[in-house]
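Visitor: Can you look at this prediction? I've put the sequence above it.
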Amino acid sequence: MVEQASTPYLFADMLARVHAICAALAKAGGWPEGIDFSRVVVEPPRDPSHGDMATNAAMVLAKEAKAKPRDLAEQIAERLRADELVAKVDVAGPGFINLTLQPIVWTRALATILREGADYGRLAPVPGAAKVNVEYVSANPTGPMHVGHCRGAVFGDALSSLLQFAGRDVTREYYINDAGAQVDVLARSAFLRYREALGEDIGAIPEGLYPGDYLKPVGQALAAEHGDRLKAMPEAEWLPIVRDKAIAMMMDEIKDDLAALNIRHDVFFSERSLITGSTNKVAETIDFLRGRGDVYEGRLPPPKGAPVEDWEDREQLLFRATAFGDDVDRPLIKSDGSYTYFASDIANHRHKFERGFADLIDVFGADHGGYIKRMQAAVKAVTAAQAVLDVKVVQLVKLLRNGEPVKMSKRSGDFVTLREVVDEVGRDAVRFMMLYRKNDAVLDFDLAKVIEQSRDNPVFYVQYGHARGHSIFRNARESLPELPEEEGARIAFLRGANLEKLADSAEHDLLKRLALYPRTVESAALAHEPHRIAFYLYELASEFHALWTRGRDLPYLRFIIDDDAELTKARLAMVQGVVSVLASGLAILGVNAPDAMR
């Protein structure tokens, strides 16, 4: 059995060793005090033939060392060659250092997986790290969720899980846009369905109202609750009644749609509460900005190029957004005296900061890309630059079936609903494929392709890798009957394997991929990019399937060797490593890890 020290994981451990070497060289060479080693990285080389790891230490520290990068690289390399984990060190180009590690490093990494199980790759909380607020979905409560909402919902949920796995304190938040003109349009649309529920022939839905059949249940509920009393009221009286009912029912439906995707939020925060609560948070925020000199009465120049929705040629109250990095200053109050959407959004983000969040992440749809600079400027202003806002834009989803665009939904009137897609292909396919492309790239989602059982369907291929691992365990009990069925007992049993039996280069390649998982988690969390986990899982599954296939052609590589229990046990330990990491990554993405597949 090979023992391994606990975390830090392999790349973090090697980085610490490189830092220690550089610190020793700095002390011996009289480098300046307080050198920042944070620029030094240890990462996989772009070309695997160059080794297992590469570091830029000599390139970024040469100036402080007052040495040529290559000369400094040779000094660092000389010390690295003395490290027990390092088999070979090469200095390349102007001063890059490539490392090839001893084989025992990879079996030790597997021992770590067997010891830590589901916690392998999980990062410890950083003391003093800011609490994170991730705001995602936040679809207008004017109808059922569509496929575009689906991508942002899955992205935000997976990002939240990723950050939590990386040791962060995360709150998932949904901002309910229930204070704008669109909810009054919703109320008028629902009132029409209310009249219909009372037996009135409403004819064609007028232009400007929501046409989908999804508001019929709202009309029926209003009729059941109020009879025909609302018809006798002037609009100013019935509108708030109908609006509240419609919003409540739409939010219930949205929550049901989210539940179908296994998406949850910790907070549902109402925009209207900013204005109607015990204090008017929007007015309070404007006063706060006024006190700091960040708002003024002024006139905006006409926009260049495309028309701007919130531009009015008049003297008005403006936020000095340009002082915080935006392109133009922004209006806060409309000509009718109501607040702009932006004013409410500023108050919302200030309120988050007051609730203790200094790390803010907003997930925007593709049509809100122009909103990013102003929101980042606003956060900088209302938090005195103590909070940071990262905005992640999710691009459009093109819904296809066998390469052809999918027709719109009759129920929604003008789009395909999220629920229809989930019901057709299943939650796992939707979640994985929504993440199997970077968030800012347009996604082609083919309903026929995502249910294929082939390597070309990534979600099937990854899940099948997990199921194949369990199938190997079931088959192994014929020649190794003492192998426990229960996972915890099985892992404990496999911890006793002689992992040095794993000597083939293909096995080492698979172990190297497993050792990369903690670094993948860390880098994906830092970049706010959960797609990196999906990509990693597909690569891991591909290497696992390829090794299994080689075993069919080369019997000595099979996972189960009937006449060699010791080698079988070692290879089953490797299979357990794959199963554990696949399950962990799929859990981050919110995708099921099945033990068997048809």
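Guide: Nice, I can see it.
Visitor: Quick check: the spatially closest residue to Ala476 that is not a sequence neighbour vs Gly369, distance?
Guide: Once flanking residues are discounted, Ala476 sits nearest to Ile560: 5.1 Å by CB to CB, 6 or more residues apart in numbering. C-betas here are computed from N, CA, C, even on glycine. Counting by CB to CB, to the nearest Å, the separation of Ile560 from Gly369 is 53 Å.
Visitor: and if you look at Asp564?
Guide: 59 Å.
Visitor: re the thing from before, how many residues are close by the residue nearest to Ala476?
Guide: Ile560: 20 surrounding residues under other CB atoms under 10 Å.
Visitor: Quick check, pLDDT for it.
Guide: We have a pLDDT of 97 for Ile560.
Visitor: can you pull the contacts of it?
Guide: 472, 475-476, 479-480, 568, 571-572 (CB atoms under 8 Å, 6 or more residues apart in numbering).
Visitor: do the same with Ser270
Guide: With CB under 8 Å, 6+ apart, Ser270 has these contacts: 176, 178-179.
Visitor: what sits opposite it in the beta ladder?
Guide: Using DSSP bridges, the bridge partners assigned to Ser270 are Ile176.
Visitor: Next, work out how far apart it and Asn348 are.
Guide: For Ser270, the distance to Asn348 - CB to CB - is 10 Å.
Visitor: I'd guessed Met145 sits against Lys255; true?
Guide: No - Met145 is not in contact with Lys255 according to CB atoms under 8 Å; the separation is 10.0 Å.
Visitor: Looking at these two, which has the bigger crowd around it?
Guide: Shown here are Met145 and Lys255; by other CB under 10 Å, Met145 has more neighbours (26 against 15).
Visitor: Quickly note the distance from that one to His531.
Guide: For Met145, the distance to His531 - CB to CB - is 21 Å.
Visitor: before we move on, what about Leu261?
Guide: Leu261 is 17 Å from His531, by CB to CB.
Visitor: cool, and Leu15?
Guide: 24 Å.
Visitor: cool, Ala224 as well?
Guide: 46 Å.
Visitor: With neighbour numbers in mind, choose between those two.
Guide: Neighbour count, other CB under 10 Å: between Ala224 and His531, His531 has more, with 20 against 9.
Visitor: got a list of what that one touches?
Guide: 435-439, 524.
Visitor: Please tabulate the residues you listed in JSON lines, including the columns distance to Leu447.
Guide: JSON lines is the format used below for those (distance: CB to CB, whole Å):
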{"residue": "Leu435", "distance to Leu447": "17"}
{"residue": "Tyr436", "distance to Leu447": "15"}
{"residue": "Arg437", "distance to Leu447": "16"}
{"residue": "Lys438", "distance to Leu447": "21"}
{"residue": "Asn439", "distance to Leu447": "21"}
{"residue": "Ala524", "distance to Leu447": "28"}
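Visitor: Show me which of these are buried.
Guide: In these, burial by neighbour count holds for 435-437, 439, 524, counting by 16 or more other CB atoms under 10 Å.
Visitor: now, among those residues, which is nearest to Val391?
Guide: Nearest to Val391 out of those is Asn439 (CB to CB; 10.9 Å).
Visitor: Which of the contacts of His531 fall within strands?
Guide: Among the contacts of His531, no residue falls in strands (DSSP state E).
Visitor: Touching the helix or strand containing Ala221 from outside, list them.
Guide: Using DSSP states H and E, Ala221 maps to helix 216-226. Contacts of helix 216-226 from elsewhere in the structure, counted by CB under 8 Å, 6+ apart, are 190-198, 230, 241-242, 245-246, 249-250.
Visitor: State the pLDDT value of Ala534.
Guide: Value listed for Ala534 in the pLDDT field: 98.
Visitor: For it, give me phi and psi.
Guide: phi -60, psi -40 (degrees, to the nearest 10).
Visitor: low-scoring pLDDT stretches of the stretch 401-550 of the chain, where are they?
Guide: 408-414 (pLDDT under 70).
Visitor: Tell me which stretches of it form helices.
Guide: Shown for the stretch 401-550 of the chain, the helices assigned by DSSP state H, counting those that start in this stretch span residues 418-425, 427-435, 458-476, 487-494, 505-515, 517-527, 531-553.
Visitor: where does stretch 332-346 sit relative to the chain's centre, distance-wise?
Guide: 31 Å (CA atoms, centre = their mean, to the nearest Å).
Visitor: and it, which residues are buried?
Guide: Buried, per 16+ other CB under 10 Å, within stretch 332-346: 332-333, 339-346.
Visitor: Among those residues, name the ones in strands.
Guide: Counting by DSSP E, these contribute nothing to strands.
Visitor: Closest one to Leu399 out of these, please.
Guide: Tyr341 (28.0 Å).
Visitor: Now do the same for the closest one: its pLDDT.
Guide: At Tyr341, pLDDT is 93.
Visitor: Kindly report the same for Asp313.
Guide: 82.
Visitor: So it belongs to a helix, correct?
Guide: No - Asp313 sits outside any helix when classified using DSSP: H, G, I helix; E, B strand; the rest coil, being coil.
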